[in-house]
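Colleague: Whatever this is, show me its structure:
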Amino acid sequence: MELGTLLFFAVTLSLDAFSAGFAYGVRQIKIPVLSCIAMLGTSVLIVGISVLCGSAVAHLLPEPLCDRIAGLILLVIGFWWFLRLQKKREPREEGHCRTLVSFRLASLAVVIQIFDEPLRADIDASGEISIRESLFLSLALSVDALGAVFGASLAGLGGILSVVLIGIFQQCFLMLGAFFGRSHTLSWLRLQGPLAACILLCTLGLYKLISGGR
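Modeller: Purely as a prediction, here's the structure:
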């Protein structure tokens, strides 16, 4: 995959992190340096596994077929992200936001809750993302992108460069979102990140689906 396409993809996958960081900035939730380092390491590990799996499958299939499958996967995931975004905009039941407490000791349930609403990463409501909490947050953000990374690796995204770029971009966009989130006049940006990610991912999927093998 060309460097330009790789950068485009890394930015697309990082827009969700921007939205999460923006929410932290609005709520004045701090993300210490050690927590950022822990998130970067976790993200690189998870993305690396997904890239390895996708690359392994790509070696078993013809390149044109891989491109078309990759395009279809990216298109479906982009559409699914869009549907999820619309669901988030719907009013929620009052008791929904308190369900995290009952699952506090269940790691998988915590990740699912954070996946649904990144603000819940601050489990102890301390106003700061601890190293333990940062691991849950990183898992939620990385799991959200696993399918897209696997699909893109089928189309040629692979190697250490792609893994490191995606990890670094996610952390940079998270901190950038937190910075902008402190300005209440920019609150509209929080939903624009995920929406832009949906559009860009669908665009990349359509491109690979149409131009696969050419």
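Colleague: For residue 176, the count of nearby residues, please.
Modeller: Using other C-beta atoms under 10 Å, residue 176 is surrounded by 16 other residues. C-beta here means a position set from N, CA and C on the backbone, and glycine is covered the same way.
Colleague: Which residue, neighbours along the chain excluded, lies closest to it?
Modeller: residue 18 (6.2 Å; C-beta to C-beta, 6 or more residues apart in numbering).
Colleague: Only the buried residues of the host helix or strand of residue 136, if you could.
Modeller: Remark: residue 136 resides in helix 131-154, with elements defined by DSSP states H and E. Under the neighbour-count criterion of 16 or more other C-beta atoms under 10 Å, helix 131-154 has 133-142, 144-154 buried.
Colleague: quick one on the thing from earlier: right, and the residue nearest to residue 176 touches residue 171 too?
Modeller: No - when contacts are counted by C-beta atoms under 8 Å, residue 18 is not listed as touching residue 171 (10.9 Å).
Colleague: who has more neighbours, the two?
Modeller: residue 18 (28 against 21).
Colleague: okay, which residue is most central for this structure?
Modeller: residue 141 (4.2 Å; C-alpha atoms, centre = their mean).
Colleague: Okay, helices next: where are they in this structure?
Modeller: Listed in chain order, the helices found in the chain under DSSP state H are 3-26, 33-58, 63-89, 99-102, 107-116, 131-154, 159-181, 189-211.
Colleague: Including distance to residue 123 and mean pLDDT, could the ones you listed go into CSV?
Modeller: Formatted as CSV, the entries for the helices of the chain read as follows, by distance: least, C-beta to C-beta, whole Å; pLDDT from 0 to 100:
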stretch, distance to residue 123, mean pLDDT
helix 3-26, 14, 81
helix 33-58, 13, 86
helix 63-89, 20, 79
helix 99-102, 7, 40
helix 107-116, 7, 59
helix 131-154, 6, 79
helix 159-181, 17, 85
helix 189-211, 21, 76
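Colleague: Adding distance to residue 125, write those out as a markdown table.
Modeller: Formatted as a markdown table, the helices of the chain follow (distance: least, C-beta to C-beta, whole Å):
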| stretch | distance to residue 125 |
| --- | --- |
| helix 3-26 | 13 |
| helix 33-58 | 16 |
| helix 63-89 | 21 |
| helix 99-102 | 10 |
| helix 107-116 | 14 |
| helix 131-154 | 11 |
| helix 159-181 | 17 |
| helix 189-211 | 20 |
